[in-house]
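J.: Pasting a predicted model and its sequence here:
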Amino acid sequence: MEHKYFPEPVDEEKELNYLLEPLINNVASQQVEADHDDTTTRNVVSYVQSVRPVLQKGPMCGLVALTMASELLNPTSCHEASSSQSNTHPGSILEFARHTELTKHGEMFSTQYMKRIVQEHLSLKAKVLQTESLSEMELIELLLSTTKTILVPYDADKNHTPCLAKGHKAHWCLLVGFVLCLTTDGRNTTLQQFTQPTNKRHLLLKEDNSKELFRTMLSSEKCRINELHIFARHGKSRYMGLWSWTELKRSNENLLEIDPQRTQPGEYVFPTSGGINEGLCNQIVIVSNQ
């Protein structure tokens with residue numbers, strides 16, 4: 001089964017600017033409204049990691065997301081992954097999942113099944129977390145890490161954005177970055193020390209030792225996170241998505257039942273009890289190379 005790998009987007013900067021424009025315009029308008037009597041500053045800060053998109057063939061969204069996750073953790077292996085002989089190739093992951101009876105066609109309706117594939121086939125570490133237990137700061141910490149990455153099941157709407165379909169449109173995505181709409185006290189020269197301005201209201205977090213300074217600033221009383229959005233990749237588009245974390249979290253927490261059209265006996269592999277409510281609902285998978 002062939003899975004098409006795409007090179008990096010033709011123009012990553014244009015893609016980023018396109019996705020961020022509505023948020024930047026909204027924050028800029030808020031700043032204008034507040035300038036006459038407010039000493040706070042509003043900015044959009046983004047951080048995103050680059051990974052080659054891979055398109056799925058058939059219901060293999062989870063396995064394709066896992067391919068991208070493994071490449072994100074080990075960028076030097078991305079060329080090897082294009083080979084069907086590589087463990088990280090979607091076809092190789094599918095073969096293992098079928099052999100261990102975790103799937104039939106590539107479907108992945110259990111975070112525990114995903115964890116087993118990560119550990120046994122890719123020799124990486126994996127941990128399943130309750131989504132509701134993850135704070136915004138913990139999520140940001142994970143997304144800043146170079147040794148961990150996050151796989152999230154959710155309901156996908158027609159344009160692949162998160163929706164609430166009770167699990168009937170269950171899909172998987174890989175989180176690759178975040179966008180914060182921040183309010184900081186004063187004119188915030190501290191923030192400018194570890195970000196790269198792209199325009200008046202958008203700051204791109206640097207890749208050097210600035211991450212720790214950024215964490216410290218986020219934890220201070222002088223900084224407030226107004227909105228948290230995440231960058232995501234998935235197997236149905238070569239382009240990134242930018243979604244509200246609140247909406248993705250709600251979608252993840254509404255994975256309650258199997259699509260009635262998928263309940264033919266023996267057609268797919270589901271968790272032995274509880275269906276996707278047990279297998280996916282309110283759960284994410286943290287993949288680590290440490």
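T.: Nice, thanks for sending it over. Numbers count the residues shown, from 1 in each chain.
J.: Quick check, central residue of this protein?
T.: With distances taken as C-alpha atoms, centre = their mean, Leu175 lies nearest the centre of the chain, 1.3 Å away.
J.: On the strand side of things, show who that residue bridges to.
T.: Leu175 has these beta-bridge partners by DSSP bridges: Ile150, Ala232.
J.: same check, this time on the one 5 residues further on
T.: Judged by DSSP bridges, the bridge partners of Leu180 are Val45, Leu228.
J.: Tell me, how many residues neighbour it?
T.: Residues near Leu180, counting by other C-beta atoms under 10 Å, number 23. The C-beta positions use only the backbone N, C-alpha and C, and glycine is treated the same way.
J.: quick one, what contacts it?
T.: Val44, Val45, Ser46, Ile140, Leu218, Ile225, Glu227, Leu228, His229 (C-beta atoms under 8 Å, 6 or more residues apart in numbering).
J.: quick one on the thing from earlier: what sits against the residue nearest to the centre of the chain?
T.: Leu143, Thr149, Ile150, Leu151, Val152, Ile230, Phe231, Ala232.
J.: Give me the pLDDT value at the closest residue to the fourth one other than its chain neighbours.
T.: Put plainly, it is Leu151. Spatial nearest neighbour of Leu151, excluding adjacent residues (C-beta to C-beta, 6 or more residues apart in numbering): Val285 at 4.3 Å. Per-residue pLDDT puts Val285 at 98.
J.: residue ranges for the strands of this protein, please.
T.: 40-48, 125-130, 148-156, 162-163, 170-185, 195-197, 202-205, 223-233, 241-244, 283-288 (DSSP state E).
J.: With distance to Ile117 as added columns, please give these in a markdown table.
T.: Supplementary listing: those in a markdown table, determined by distance: least, C-beta to C-beta, whole Å:
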| stretch | distance to Ile117 |
| --- | --- |
| strand 40-48 | 26 |
| strand 125-130 | 8 |
| strand 148-156 | 11 |
| strand 162-163 | 24 |
| strand 170-185 | 12 |
| strand 195-197 | 37 |
| strand 202-205 | 31 |
| strand 223-233 | 18 |
| strand 241-244 | 24 |
| strand 283-288 | 10 |
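J.: Of all the ones you listed, which one is nearest Pro7?
T.: Comparison of these against Pro7 by C-beta to C-beta identifies strand 223-233 as nearest, at 13.9 Å.
J.: Can you spell out which helices and strands pack onto the closest one?
T.: On a contact count with 3 or more C-beta pairs under 8 Å, 6 or more residues apart in numbering; DSSP states H and E, strand 223-233 meets helix 12-34, strand 40-48, helix 136-144, strand 170-185, strand 241-244, helix 245-252.
J.: Note down every partner strand of the fifth one and its orientation.
T.: Each strand that pairs with strand 241-244, with its direction, by DSSP bridges: strand 223-233 (antiparallel).
J.: For the strands of the chain, which has the smallest mean pLDDT value?
T.: Averaging pLDDT over each of the strands of the chain puts strand 195-197 lowest, since it has a mean of 51.
J.: Relative to Thr272, which of the helices and strands packed on strand 223-233 is closest?
T.: Closest among the helices and strands packed on strand 223-233, using C-beta to C-beta: strand 170-185, at 17.5 Å.
J.: What are the buried residues along the closest one?
T.: 170-184 (16 or more other C-beta atoms under 10 Å).
J.: what's the answer for stretch 257-266, then?
T.: Going by 16+ other C-beta under 10 Å, stretch 257-266 has these buried residues: Glu257, Ile258, Arg262.
J.: Can you tell me how far the last one is from Pro59?
T.: To Pro59, Arg262 is 9 Å away according to C-beta to C-beta, to the nearest Å.
J.: Same question for Lys249.
T.: In terms of C-beta to C-beta, Lys249 sits 23 Å off from Pro59.
J.: what residues are up against Lys249?
T.: Neighbours of Lys249 in contact, by C-beta under 8 Å, 6+ apart: Thr131, Glu132.
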